[in-house]
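Asker: 3D model of this:
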Amino acid sequence: MIWQHRRGVADLSRHGLIMGVLNVTPDSFSDGGSYFDPAAALDHARELIAHGADIIDVGGESTRPGSEPVSAEEELRRVCPVIRAIRAESEVLISIDTSKALVAEEAVKAGADIINDVTGLTGDPAMPEVAARSGAGIVLMHMQGEPRTMQVAPHYEDVVAEVREFLRQRISLALSYGMAAERLAIDPGIGFGKTQEHNLALLRETARFAELDRPVLIGVSRKSFLGRITGSSAMADRAWPAVAVTSFCREAGAHIFRVHEPKPHREALRMTEAILHA
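Answerer: Numbers count the residues shown, from 1 in each chain. Down below sits the predicted model:
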């Protein structure tokens, strides 16, 4: 399994990738405002890299439940200086977490290698064309509804089948715009328009998504359902349950793990992969 991005190819045949979260927003659900200043954001990017992140995922618009959208201009003001600063001193892969074509285009010019679109190319009519000509790796994610309303009574007849079919269709759309299959990764969108039961079903059936023959990205870090399952409301207590998910999903065929604290996830991958390849 390989994943092509703007500056080369990641070989995922034996080792997964850690995607470190860098929110340059005032209102993200777990770290809003912490890295809103570009200097603080760059310092945190350095920390993520030092702790094992292969990718820095830079986002300038919160997608937490109930969040309000921001303009493309404001999003660009937040993310582009940070992307340029990271690229100036590091060869780490950079992804731009956006659903806006203009933001994606300018972020790639600033140095991003990957476009991580939580709407799976559905949020902006211009995104498929921009993504196609960018040369970037593309993450296609499933989300039911929009961030402002996505957690208001989400419903599916068969969540695994419906999300899998959505992602299959998004792959087909991307291919129709001339994107090579090797550029595409898929994300079932844990916590994006899903109940706890939906999330668990999707994680349990990770192998079903791997059957689509594209790298599977899993992002559960700090999500509230982890605390509900373990019986703790403290954000810090969600860290180790998320590591357990990383190990389970890697064994089931996932390849990319979007996390806030890379170090324990990197160690979990090393251990899981040592067992898988023994």
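
Asker: Which stretches in this structure count as helices?
Answerer: Using DSSP state H, the helices of the chain run over 38-50, 72-89, 101-110, 127-134, 159-176, 196-204, 206-210, 224-230, 239-252, 262-276.

Asker: Pretty sure residue 269 is one of the things residue 16 touches, is it not?
Answerer: Yes - assessed by Cβ atoms under 8 Å, residue 16 is found in contact with residue 269 at 5.1 Å. Using the backbone N, CA and C atoms, a C-beta is placed for each residue, glycine as well.

Asker: What count of nearby residues applies to residue 203?
Answerer: Residues near residue 203, counting by other Cβ atoms under 10 Å, number 17.

Asker: is it true that it touches residue 190?
Answerer: Yes - the pair residue 203 and residue 190 qualifies as a contact (Cβ under 8 Å) at a distance of 6.9 Å.

Asker: how about low-confidence regions in the stretch 51-200 of the chain?
Answerer: 148, 150 (pLDDT under 70).

Asker: Any figure for the gap between residue 143 and residue 191?
Answerer: Counting by Cβ to Cβ, to the nearest Å, the separation of residue 143 from residue 191 is 9 Å.

Asker: Apologies, that question was intended for residue 262.
Answerer: 19 Å.

Asker: Next: residue 58.
Answerer: Distance from residue 58 to residue 191, by Cβ to Cβ: 20 Å.

Asker: Looking at the two, which is more packed in?
Answerer: Applying other Cβ under 10 Å to residue 58 and residue 191 shows that residue 58 carries more neighbours, namely 29 against 25.

Asker: contacting residues around the more buried one?
Answerer: By Cβ atoms under 8 Å, 6 or more residues apart in numbering, residue 58 lies in contact with 22, 24, 41, 79, 82-83, 86, 94-97, 107, 112.

Asker: change it to 10 Å
Answerer: Shown in contact with residue 58 (Cβ atoms under 10 Å, 6 or more residues apart in numbering): 20-24, 35, 41, 45, 78-80, 82-83, 86, 94-98, 107, 110-112, 116.

Asker: in stretch 69-81, what's buried?
Answerer: The neighbour-count check on stretch 69-81 (16 or more other Cβ atoms under 10 Å) flags 69-70, 72, 75-76, 78-81 as buried.

Asker: Out of the residues you listed, which comes closest to residue 156?
Answerer: residue 69 (24.5 Å; Cβ to Cβ).

Asker: wait, what's in contact with the closest one?
Answerer: By Cβ under 10 Å, 6+ apart, the contact list for residue 69 reads 61-63, 75, 99-100, 123, 146-148.

Asker: sorry, back to before: tell me, what's touching residue 203 and residue 190 both at once?
Answerer: With Cβ under 10 Å, 6+ apart, residue 203 and residue 190 have common neighbours 218, 220, 245, 249.
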